[in-house]
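From the sequence below, what's the structure:
(2 chains, ligands or ions: 1)
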Amino acid sequence: MSSDQTPKDYRESLIHLEYQYTAGSATTTFLNQVKEGRLVGQACPKCKAVYVPPRGSCPRDGIATTIEVPLTDKGCIESFTVVHIPIPGNPIVPPYVCAMVRLDKANISFLHLIQGVEIEDIRIGMRVQAVWKPKEEWTHSLENIKWFAPIDEPDIDVSTLRFKEA
Amino acid sequence: MSETKTNLLEAPFELSYKYKRSSGPVMSKFFEALGDKKILGTKSKAQKVFAPAAEFDPQTRETLTDLTEVGPGGVIESWSWVHQPSDHHLLQIPFAFALIKLDGADTAMLHMISGCQESDLSIGARVTATWSDTPTESITDIKHFTLEL
Ligand SMILES: [Zn+2]
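Residues are numbered from 1 along each chain as shown, chains lettered A, B, ... in the order given. Next up is the predicted model:
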């Protein structure tokens, strides 16, 4: 190659990783309930914070979250983002909305999709409820919930969701 | 250990994605040269040759742009025999990963040695590059190194 040729700037690379995931006891318990269409969090015996999905311990107190707390599939949008850029391999067509959903009585939120509403109408504090897949499709996955959709209830002032030590 | 053994959920996962990266002005030339069956190093002001080509001298922080051809022969500096290659290895028969100091270079390059037994290998033994017939301008254009006769 002669030195005056422009080097190719970019080359395509591939990251490929196969691994075995072991859920651990808290996640196993949680996903076994999810398979039955139930959302069960865990509470810290000291500060009473409710974690869903539970990770088995309270990061605030460093102790095991031994108390099981059945939750409803209703909550509110704590935060959200409108996704405009397609992710390769992701079947969802942009624009769509990902939100941090805070279930009632829970002290943390988790990421899920919001549908059944115009994107412009989505707001923080909006009340939502899970839309489940047909029961026969349920597996050990939060994908049993297709998405969360708004329900006809007044918005929540998210500042009231701030954690207060029991 | 707990007395009752719980049945934990387990699942195989696969993470895979493509991305584009810029190999930069120096490494671009290194990769392109591989397509021409040439191995390039970079030379510092003190005449130290880094191979594979490096963009800077890690000790002096000098920027390196002076490309120079090295190899394709060299000596084994260190090696490790792979008795049972896994699916992820590029060679599917037992081979060695080796640090090879190419002729004209002052640093060693990591690559594979194939076409021999474990007992044939020794530190200081001479090897030479065996080239791929279908170059892609990547490090795998060198299929592996082979012991010199
Ligand atoms: Zn706590």
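
Quickly note the distance from the closest residue in space to A:Asn107 that isn't next to it in sequence to A:Leu161.
Leaving aside its sequence neighbours, A:Asn107 sits nearest to A:Ala49 (C-beta to C-beta, 6 or more residues apart in numbering or on different chains; 4.2 Å). Just so you know, the C-beta spots here come from the backbone N, C-alpha and C atoms, and that holds for glycine as well. Distance, A:Ala49 to A:Leu161, by C-beta to C-beta, to the nearest Å: 12 Å.

Any idea what residue 98 is bridged to?
You didn't pick a chain, so chain A it is. A:Thr81, A:Leu113 (DSSP bridges).

wrong one, I was asking about chain B
Where B:Ala98 sits in a bridge, its partners, by DSSP bridges, are B:Trp79, B:His111.

same question, the one 4 residues further on
Using DSSP bridges, the beta-bridge partners of B:Leu102 come out as B:Gly74.

So which bits of stretch B:67-74 are buried?
B:67, B:70-72, B:74 (16 or more other C-beta atoms under 10 Å in any protein chain shown).

what do you get for stretch B:27-44?
Applying 16+ other C-beta under 10 Å to stretch B:27-44 flags B:27-34, B:38-44 as buried.

what's the neighbour count on the closest residue to B:Gln84 other than its chain neighbours?
Among residues not flanking B:Gln84 along the chain, B:Pro94 sits closest, at 7.3 Å (C-beta to C-beta, 6+ apart). By other C-beta atoms under 10 Å in any protein chain shown, the residues close to B:Pro94 number 15.

residues in contact with B:Pro94?
For B:Pro94, the contact set (C-beta atoms under 8 Å, 6 or more residues apart in numbering or on different chains) comprises B:81-85, B:118.

before we move on, what about A:Lys46?
A:58, A:61, A:63.

A:Lys35 against A:Asn144, yeah?
Yes - in this structure A:Lys35 lies within contact range of A:Asn144 using C-beta atoms under 8 Å: 7.3 Å.

Between these two, tell me which one has more neighbours.
Remark: of A:Lys35 and A:Asn144, A:Asn144 carries more neighbours, 20 against 14, as counted by other C-beta under 10 Å.

residue contacts, that one?
With contact set as C-beta under 8 Å, 6+ apart, A:Asn144 has these partners: A:34-35, A:37, A:132-133, A:137-138.

count of residues packed around the nearest residue to it once chain neighbours are set aside?
In space, A:Asn144 comes closest to A:Trp138 once its chain neighbours are excluded; the distance is 4.7 Å by C-beta to C-beta, 6+ apart. When neighbours are defined as other C-beta under 10 Å, A:Trp138 has 16 of them.

before we move on, what about B:Val75?
B:Val75 has 18 neighbours, counted by other C-beta under 10 Å.

Equivalent analysis for A:Gln33, please.
A:Gln33: 17 neighbours (other C-beta under 10 Å).

my read is it is in a strand, agree?
No - under DSSP: H, G, I helix; E, B strand; the rest coil, A:Gln33 sits outside any strand and is assigned helix.

Surely it and A:Gln42 touch.
No - counting by C-beta under 8 Å, A:Gln33 sits too far from A:Gln42 to count as a contact (10.9 Å).

tell me which of the contacts of A:Lys46 is nearest to chain B?
A:Ile63 (17.1 Å; C-beta to the nearest C-beta).

hang on, isn't that closest one packed against A:Pro45?
Yes - counting by C-beta under 8 Å, A:Ile63 touches A:Pro45, with 6.8 Å between them.

Cool, thanks, talk later.
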